[in-house]
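> pasted the sequence and its predicted model underneath.
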Amino acid sequence: EAPLYKDPTQPVEARVKDLLSRMTLQEKAAQMAQIERRVATPAALTNLAIGSVLSAGGSPPRDGATAEEWADMVDEMQRWALASRLGIPIIYGSDAIHGHNNLFGATIFPHNVGLGATRDRELARRIGEVTALEVRASGIQWTFAPCLAVCRDPRWGRCFECYGEEPEIVQMMTSIVSGLQGSPPEGHHSGHPFLAGPRNVIACAKHFVGDGGTHKGINEGNTICSYEELERIHMSPYPDCFNQGVCTVMASYSSWNGEPLHSSHFLITDVLKDKLGFKGLVVSDWEGIDRLCKPHGSNYRYCVAASINAGVDMIMVPFRYEKFLEDLISLVESGEVPISRIDDAVERILRVKFVSGIFEQPFSDRSLLDVVGCKEHRLLARVAVRKSLVLLKNGKEARQPFLPLKKNAKKILVAGTHADNIGYQCGGWTITWYGASGRITAGTSILEAIREAVGEETEVVHEPNPTASTLLQQQKEPFSYAIVVVGEAPYAEMLGDRTDLSIPFNGHDTLSLIAGTIPTVALIVSGRPLVLEAQLLNQIEALVAVWLPGTEGGGVTDCLFGDCDFHGVLPVSWFRSVDQLPMHSSIGDGYNPLFPIGFGLRMFDK
Ligand SMILES: OC[C@@H]1[C@@H](O)[C@H](O)[C@@H](O)c2nc(-c3ccccc3)cn21
C-alpha cells in the first residue's frame, strides 16, 4: 500500500520522519538546493530531485508571459519532480513583493514604504490575500515576502522595500503574512509553519537580521550595534511573523559586527531556531553563500560548510547546483558537516512542503487565471494608494488650503518626468529586477487619472520637461494650477544606494520653474524622502509624498480632487539634508527633520 508519507491523514511530523528515513544522502542534499528556472531540467528535477526552483526578478517563461504560460511552466517542472524516485514535489518561489510583480498584467500595489504610511494592518492583510491569489494563478506557491527590514538610513537602495524606520511600524504591517498564508487557528504554536490552503502562498520573512541597519545604508553592508539593539530594532518583527506561522525565513546578505549572517551560527541557530523557536526553513539569499569568500564564489566548499553548519537549510544556489551537491556530499562524507545538520535541514524543508499541501495538490489551479489584474484587485490597490499618500503641505496660509483641486478648471498644466510613466510609479521589482521607464505593464498613470478626473471642459496640457516657453502660455490663457510630478527612476538593491538624495532629472529646477509662475502642487514619486530646499517649499502651494504607488494612479487623483481625504503619515523621517543621516526620533532634541516621522496633514477633518 502507499508509503506512510503519502498518506495525508497522517500527522505532518510522522510523514516527515517516514520520508526522511527513505532518502539517500544524495536526495537529502538535492532537497537543500534551490535553482533558477533557466537551469531547471528534467535531469535536475527527476534524477537529482532538486528541492526548489525560483524565478529571479524579471525571469518569466518568456517576456510578457501570461499567467497561463507561467502555470504551464511550473506544472511541467512539477511533473519532472513527481517522476523522481520518491516523488517529492518542488516548491516554486518568486519575489511577489508588491503584488505579483514578475507577472505582466498583475495588480501592482504600492511598495512597502507607502504601505507603512497607511499604518493599516487590515489593508496589509488584504493585500497579502489578493497577492496570494495572483501568485497562485501563475502556479507559483512561494513568495519571498515580506521584507521586514527596518530602514535606519534612506541612502540604502532598498529603503522602498521597508515599511518604515521604526520596528513598531514594521511589526504592524506583518499582518500581510496572514493574508499571504491564511490565518492560523487559535493556539497555533508560534514558530511552526502554517498554510491555510491552495489559494494561499508560502511567505518568507526577510532578510534575517539587521539588513536595514548597515553602516551608512550600504547594501549588503555591516550592521554595527549591540545585541540588545539588534534584537530591539531589527529582530522584533520576526516573532510577529512566527506567531502567524510564517513558513520560511531568508538570511541577510549583510553582516552583524563583521560576521556575515549567512555564516552566523549564533544568529541563525542559537537565536532564530533555538531561542525564537522557528521551525520552518531558512533559505539563503541569491549566491548568498558565494559572498562569504573573496573573490566571490572562491573556496566554495568552505562557503557551503560555513552556511550549512550555521543553520541555513536551503541554498539559493542558483546556477552551479552540481558543484553545490558535490561539495555538500563530500563535506558530509568527511564529517565536516554532520548528518544530523542535514537531517535537521531536510526535516524543515519537508515540514514546509507537507504543511503547504503541495503533496496533495502539486499542480496549479487554472480556475484562478482570470483573477490576475481583475477590477476588484485593482480597486484594492487604488484604496491602498489613497491611504499611502502623505500630505506634507496644503496652502501657504493655514486658512487657505490649496487642495482639493477643482475638477472644472478651464486649463491646467501637468508637468514633470513622472506624470505619465507607469514604470516610474511602480519602481523596482516590477516586470524586471530593477524596473524600467514607460508602459511596462497594464495600469493607469497619474496623467491618465487626471484626465479621467477632470471635466470635459478642462484643457489638460502635459509637459514632461517644461521650459520657460511653457510659461509663455500663462500670459495668453493662464493655467488655473499646475500638478508637477517628479521623483526617482526605478532601482533595486545596490543600484539604489545613493549618498546624494536630490530629486533626479533636475526635478528641483522643474518645480521651481513652474511654481514661480503657476500655483503648483508638487507630487514626489520616490522610494524614500528626497532633498527639498526651503525656498522651493515656500514657492509651492501643496506637497504630497506619493512614494511608489504601483499601477493604480487613480488613487492619487482620488485625494488630489477631494473624492477622498489624505490619510497617510510618514513612516520615515523626511530629512533636510543627507548630512543629518542617519537620523531618528530616538535621538531626542537633536532630531531636526523637515517633517518628522508620523507627520501627515488632512484636507477635511481637522
Ligand atoms: O530574487 C531572489 C532574491 C530576493 O528575494 C532577495 O530579497 C534579494 O536580496 C535578491 N537579490 C537577488 C539578486 C542579486 C544580484 C543579482 C541577481 C539576483 C536575488 N534576490
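Okay, I see it. Numbering: from 1, shown residues only.
> residues of the protein that sit close to the ligand?
Proximity of the chain to the ligand (CB under 6 Å from any ligand atom) is limited to residues Ala56, Gly57, Asp95, Phe144, Lys206, Asp285, Trp286, Glu493. C-betas here are computed from N, CA, C, even on glycine.
> could you measure from the nearest residue to the third one once chain neighbours are set aside over to Phe575?
Which is Asp95. Distances taken as CB to CB, 6 or more residues apart in numbering place Phe144 nearest to Asp95, at 4.8 Å, with adjacent residues excluded. Separation of Phe144 from Phe575 (CB to CB, to the nearest Å) stands at 30 Å.
> and Phe561, what does it touch?
With contact taken as CB atoms under 8 Å, 6 or more residues apart in numbering, Phe561 is in contact with Pro404, Leu405, Lys407, Ala453, Val454.
> which one of those sits closest to Gly598?
Nearest to Gly598 out of the contacts of Phe561 is Pro404 (CB to CB; 23.4 Å).
> element containing the closest residue to the closest one other than its chain neighbours?
Nearest residue to Pro404, sequence neighbours excluded (CB to CB, 6+ apart): Gly562, at 2.8 Å. Counting by DSSP states H and E, no helix or strand carries Gly562.
> got phi/psi on Gly562?
The phi/psi pair for Gly562 (degrees, to the nearest 10) reads phi 80, psi 10.
> so where's the chain uncertain?
For the chain, the stretches with pLDDT under 70 are 606.
> which residue lies farthest from the center of it?
Lys476 (47.5 Å; CA atoms, centre = their mean).
> what's the distance between that one and the ligand?
Separation of Lys476 from the ligand (CB to the nearest ligand atom, to the nearest Å): 52 Å.
> for the ligand, what is the nearest residue in the stretch 251-400 of the chain?
Residue nearest to the ligand within the stretch 251-400 of the chain (CB to the nearest ligand atom): Trp286, separated by 3.3 Å.
> what's the helix or strand for that residue?
Taking DSSP H and E as the definition, Trp286 sits outside all helices and strands.
> neighbours around Ala106, how many?
Ala106 has 27 neighbours, counted by other CB atoms under 10 Å.
> so what's Ser388 up against?
By CB under 8 Å, 6+ apart, Ser388 lies in contact with Pro110, Gly114, Leu115, Ala117, Thr118, Trp547, Pro549, Gly555, Gly568.
> spatially speaking, which residue is in the middle of this protein?
Nearest to the mean C-alpha position of the chain, counting by CA atoms, centre = their mean, stands Ile97 at 3.3 Å.
> give me every residue that touches the residue lying closest to that one once chain neighbours are set aside.
Among residues not flanking Ile97 along the chain, Ala145 sits closest, at 4.6 Å (CB to CB, 6+ apart). Neighbouring residues of Ala145 by CB under 8 Å, 6+ apart: Asp95, Ala96, Ile97, Thr131, Ile176, Leu180, Ala203, Cys204, Lys206.
> from Ser21, how far off is the second one?
Taken as CB to CB, the spacing of Ala96 relative to Ser21 amounts to 35 Å.
> and the residue nearest to the centre of the chain, what does it touch?
Neighbouring residues of Ile97 by CB under 8 Å, 6+ apart: His111, Asn112, Thr143, Phe144, Ala145, Pro146, Cys147, Glu161, Trp429.
> and for the first one, the neighbour number?
By the other CB under 10 Å criterion, the neighbourhood of His111 contains 28 residues.
> next one: it relative to Ile127, how far apart?
The value you get for His111 to Ile127, if CB to CB is used, is 11 Å.
> what's the neighbour count on the residue of the stretch 401-550 of the chain found nearest the ligand?
Using CB to the nearest ligand atom, Glu493 is the residue of the stretch 401-550 of the chain that sits closest to the ligand, at 5.8 Å. Applying other CB under 10 Å, we find 19 residues neighbouring Glu493.
> Leu133 belongs to a helix?
Yes. According to DSSP: H, G, I helix; E, B strand; the rest coil, Leu133 belongs to a helix.
> contact partners for Arg126?
The contact partners of Arg126, taken as CB under 8 Å, 6+ apart, are Gly179, Leu380.
> that's a strand at it, yeah?
No. Checked against three-state DSSP, Arg126 lies outside a strand; its state is helix.
> I'd like the distance between it and the ligand.
Distance from Arg126 to the ligand, by CB to the nearest ligand atom: 23 Å.
> with Gly114 instead?
18 Å.
> my guess is that residue contacts Gln425. True?
No. Gly114 lies out of contact with Gln425 (CB atoms under 8 Å); the separation is 10.6 Å.
> okay, and the common contacts of those two?
Residues touching both Gly114 and Gln425 by CB under 8 Å, 6+ apart: Val546, Leu548, Pro549.
> next up, the contacts around the first one.
Under the criterion of CB under 8 Å, 6+ apart, the contact partners of Val546 comprise Gly114, Leu389, Gln425, Ile446, Val485, Gly487, Leu523, Ile524, Val525, Ser526, Val556.
> ok, the fourth one touching Thr557?
Put plainly, it is Ile446. Yes. Using CB under 8 Å, Ile446 is in contact with Thr557, at 7.2 Å.
> restricting to C-alpha, output stretch 274-282 in PDB.
Extracted in PDB, the C-alpha atoms of stretch 274-282 (Å, rounded to 0.1, in the frame of the first residue of the first chain):
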ATOM      1  CA  ASP A 274      16.600  27.700  19.400                       C
ATOM      2  CA  LYS A 275      15.700  30.900  21.200                       C
ATOM      3  CA  LEU A 276      12.900  32.200  19.000                       C
ATOM      4  CA  GLY A 277      11.700  28.600  18.200                       C
ATOM      5  CA  PHE A 278      11.500  28.900  14.400                       C
ATOM      6  CA  LYS A 279      10.600  25.500  12.900                       C
ATOM      7  CA  GLY A 280      10.200  26.400   9.200                       C
ATOM      8  CA  LEU A 281      13.100  26.500   6.700                       C
ATOM      9  CA  VAL A 282      15.900  29.100   6.400                       C
END
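> now that stretch: buried residues?
For stretch 274-282, a neighbour-count test (16 or more other CB atoms under 10 Å) marks Leu276, Phe278, Lys279, Gly280, Leu281, Val282 as buried.
> just the residues you listed: which are in strands?
Judged by DSSP state E, the subset of these located in strands is Leu281, Val282.
> biggest separation within the buried residues of stretch 274-282, which pair?
Pairwise distances across the buried residues of stretch 274-282 (CB to CB) peak at 14.4 Å, for the pair Leu276 and Leu281.
> host element of Leu413?
Counting by DSSP H and E, the element that carries Leu413 is strand 411-415.
> distance between that strand and the chain's centre?
33 Å (CA atoms, centre = their mean, to the nearest Å).
> next: stretch 38-52.
That offset, for stretch 38-52, works out to 27 Å (CA atoms, centre = their mean).
> before we move on, what about stretch 378-389?
Using CA atoms, centre = their mean, the offset of stretch 378-389 from its chain centre is 16 Å.
> picking that back up, and which of the residues of the chain next to the ligand is nearest Glu186?
Distance to Glu186 across the residues of the chain next to the ligand (CB to CB) is lowest for Lys206, with 27.2 Å.
> that closest one: what's it in contact with?
Counting by CB under 8 Å, 6+ apart, Lys206 touches Phe144, Ala145, Pro146, Cys147, Leu148, Ala149, Val249, Met250, Ser252, Asp285.
> which of the residues you listed sits closest to the ligand?
Of all the contacts of Lys206, Phe144 has the smallest distance to the ligand: 3.5 Å, by CB to the nearest ligand atom.
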